[in-house]
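Trainee: Curious how this folds, go ahead:
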Amino acid sequence: MGTPGLWIGFNICVLALLALDLFVFNRHAHAISLRGAALSSAIWVLLSLAFNVWIYRTHGGTPALEFFTGYLIEESLSLDNIFVFVLVFRAFGIKPQYQHRVLFWGILGAILLRGTMIAFSAVLVDRFEWILYLFGAFLIIVGLRMLFRGHQDFHPERNPILTWARRMFRMAEGDTGERFIVQQNGQWAITPLLLVLLVLEGTDLLFAVDSIPAVFGVTRDPFIVFSSNICAILGLRSFYFLLAGALPLFRYLDHGISAVLIFVGVKMLAEPWIHLPTLVSLGVVGGLLGTTMVASLIAVRGSKPTNA
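Mentor: Coordinates of the predicted model:
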């Protein structure tokens, strides 16, 4: 369904929404309130669902189901990104009023990186269909690793991109506000905000390595893979400000995400013998994530101290 006009139109809409976000609604640096984050999150979800309805009305039920399943998978994996965002901002001491600006440019960079990766993956899948089995095996390995190790070995301050940037460029001193590059003592220097942006881009690249094959496990249409990816990450900033504080409540989130990755990986490996309809895949993914959320809330409620 990915005609050139559709690709161009979708990307123009995405860039227009991002411009509206940065230059109109968030023109000045400020901390995002919980109410503002909730409203923004709802708007991004509604826009994605409206686009899903448009796909259904113009291209039929199957592409619409594939988009929604891919969107659900990407949203669940994006929630895992939020945990990383919290660690990165905490490690570098980035003030709340500057976090939105970093995330905005991080999302823009992620769109470019993921678009390139999806285009490259689509060419590989089209020419070498057997590579889907490698994708499937890779997802199972990543899912098992996440199940047993989680984020316990993630240290953003040790990121190799960060080490390289510190060696190559002069670091700014003092409070540099929301700027990425400043001039001090007649020399240009990079700020901590730029370092954080580089770390987030590198981290998103690692997440994309497993999230993109996961959607290829649902559909072979590059446009659906791309659009479901982009719709999910567009709302990621708002979800960060909405859920960052509540993330510890979802103690079984990694288990649910790992189960989704393992399921999609097994589905891809078993495709020649067992074909699961998209509706069944959607039900399994939704069931795994829903069970994870419910189990997390029950565990949190059960761990609350009771009054004597």
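Trainee: Only C-alpha atoms from now on, for both contacts and neighbour counts.
Mentor: Will do.
Trainee: Ile111 and Phe207, how far apart?
Mentor: According to C-alpha to C-alpha, to the nearest Å, Ile111 stands 13 Å off from Phe207.
Trainee: ugh, typo on my part, it should be Ala64
Mentor: Distance from Ala64 to Phe207, counting by C-alpha to C-alpha: 24 Å.
Trainee: Tell me which residues are up against stretch 187-200.
Mentor: Among residues not part of stretch 187-200, those counted as contacts by C-alpha atoms under 8 Å, 6 or more residues apart in numbering are 85, 88-89, 92, 94, 102-103, 105-106, 156, 159, 161-162, 165, 169-173, 176, 178-183.
Trainee: Now intersect the residues you listed with the strands, please.
Mentor: Those of the contacts of stretch 187-200 mapping onto strands are Ile181, Val182, Gln183, per DSSP state E.
Trainee: so who does the spatially most central residue of the chain touch?
Mentor: Centroid-nearest residue in the chain, with C-alpha atoms, centre = their mean: Ser78, separated by 3.3 Å. By C-alpha under 8 Å, 6+ apart, Ser78 lies in contact with Ala232, Ile233, Leu236.
Trainee: more crowded one of Ile111 and Phe207?
Mentor: Ile111 (20 against 15; other C-alpha atoms under 10 Å).
Trainee: any weak-confidence spans in the stretch 51-200 of the chain?
Mentor: Scanning the stretch 51-200 of the chain for pLDDT under 70 picks out 80, 149-162, 174.
Trainee: Can you list the residue ranges for strands in the chain?
Mentor: Remark: strands assigned in the chain by DSSP E are 181-184, 187-190.
Trainee: Okay, buried residues for the first one please.
Mentor: Yep, that's strand 181-184 we're talking about. Residues of strand 181-184 classed as buried: Ile181, Val182 (neighbour count, 16 or more other C-alpha atoms under 10 Å).
Trainee: go on, the last one?
Mentor: Buried residues in strand 187-190, counting neighbours by 16+ other C-alpha under 10 Å, are found at Ala189, Ile190.
Trainee: Thanks a lot, see you next time.
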